[in-house]
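*Asks:* Next come a sequence and a model predicted from it.
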Amino acid sequence: MFVQQFMLVAPNVKERTEKDSKTRVKIMLRKSDRKILYGEANEDFVDLLFSFLTIPLESALELLGGKGFTVGSISNLLKDLDTIFSITKQNSYQDGILPPFYSCPIELPSICSQQPTKIFHKSYGYLKQSDPKSPILEKTNSRGYFKKKSLFLITDDLVVKSLSSASSFSLLKETGTPLCDVEQQVISIGEVEALALLRACLCSSSALSALLNLYVKQPKQEPQ
């Protein structure tokens with residue numbers, strides 16, 4: 001399938017190194033109205049998307065700017081944390097984080113904290129639970145949520161499906177988009193883009209569009 005291709009460069013971001021850039025996402029958009037049709041990515045990008053679900057809301061707000069970042073009225077709760085706990089002198093708020101394991105009289109249904117790992121042993125010894133995200137661990141094929149070399153189709157509102165030629169052509173047919181009206185753009189995803197995407201997920205139902213709007217379009221340089 002031939003489509004016009006562009007590389008996307010983030011404005012006001014220093015030239016990235018190989019270490020900074022973790023993965024890439026191909027964005028298919030309609031040239032006539034600049035509407036995003038879908039994205040194509042491997043398991044690394046989809047792992048990133050689903051990892052957003054594991055971040056406590058308080059931590060997400062801190063990542064996105066702390067008390068200066070606004071997401072509806074819940075941002076006011078974050079702003080008031082330091083003040084209210086310093087006044088009441090409660091010891092349940094330490095190091096800027098509310099522990100998730102305290103029980104409240106009224107709680108969301110079917111929501112519970114993950115139970116800690118229980119370890120039993122009869123002899124004396126030293127046990128240390130390893131952090132699976134530690135950078136010192138050797139890379140293995142078992143990292144992340146999905147198998148390696150998997151490909152996915154992602155819609156603008158972050159509906160994720162397994163990618164196949166049939167699924168992409170079916171989506172083009174559903175939207176009534178001819179191939180000649182399709183343009184491909186490539187976004188390189190690093191920490192800056194991941195934070196921008198997290199912000200877009202919290203504020204918009206068109207997360208890929210919000211991410212794409214942060215970039216300027218430059219023609220891709222073909223090798224001589």
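*Replies:* Good, I have the coordinates. Computed from a prediction, not measured in an experiment: that's the story for all the values here.
*Asks:* Next secondary structure after the helix or strand in which Leu195 is found?
*Replies:* For Leu195, the element it lies in under DSSP states H and E is helix 191-203. Of the helices and strands lying after helix 191-203 in sequence (DSSP H and E), the nearest is helix 207-212.
*Asks:* Tell me which other helices or strands that next one touches.
*Replies:* When contacts are defined as 3 or more CB pairs under 8 Å, 6 or more residues apart in numbering; DSSP states H and E, helix 207-212 sits against strand 23-30, strand 35-42, strand 182-189, helix 191-203. All C-beta atoms are positioned from the backbone trio N, CA, C, and that covers glycine.
*Asks:* Just tell me which of the ones you listed ends up closest to Ser167.
*Replies:* Closest of the helices and strands packed on helix 207-212 to Ser167 is strand 35-42, at 8.8 Å (criterion: CB to CB).
*Asks:* Output the following helix or strand past that closest one as CSV - backbone C-alpha positions only.
*Replies:* For strand 35-42, the succeeding helix or strand toward the C-terminus, using DSSP H and E, is helix 43-51. Taking C-alpha atoms only, helix 43-51 is exported to CSV below (Å, rounded to 0.1, in the frame of the first residue of the first chain):
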residue,chain,number,x,y,z
GLU,A,43,4.0,-4.5,21.4
ASP,A,44,6.3,-1.8,23.0
PHE,A,45,3.8,1.0,22.3
VAL,A,46,0.8,-1.0,23.4
ASP,A,47,2.6,-2.1,26.6
LEU,A,48,3.0,1.7,27.3
LEU,A,49,-0.7,2.3,26.7
PHE,A,50,-1.8,-0.4,29.1
SER,A,51,0.8,0.6,31.7
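*Asks:* what is the mean pLDDT for whichever helix or strand comes after helix 43-51?
*Replies:* For helix 43-51, the following helix or strand on the C-terminal side (DSSP H and E) is helix 57-63. Along helix 57-63, the predicted confidence averages to a pLDDT of 76.
*Asks:* ditto for stretch 190-197
*Replies:* When pLDDT is averaged over stretch 190-197, the result is 85.
*Asks:* Report the buried residues of it.
*Replies:* Along stretch 190-197, these residues count as buried under the neighbour rule (16 or more other CB atoms under 10 Å): Gly190, Val192, Glu193, Ala194, Ala196, Leu197.
*Asks:* Throw those residues into a markdown table and include distance to Leu37, thanks.
*Replies:* Conversion of the buried residues of stretch 190-197 to a markdown table gives the following (distance: CB to CB, whole Å):
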| residue | distance to Leu37 |
| --- | --- |
| Gly190 | 24 |
| Val192 | 25 |
| Glu193 | 20 |
| Ala194 | 23 |
| Ala196 | 21 |
| Leu197 | 18 |
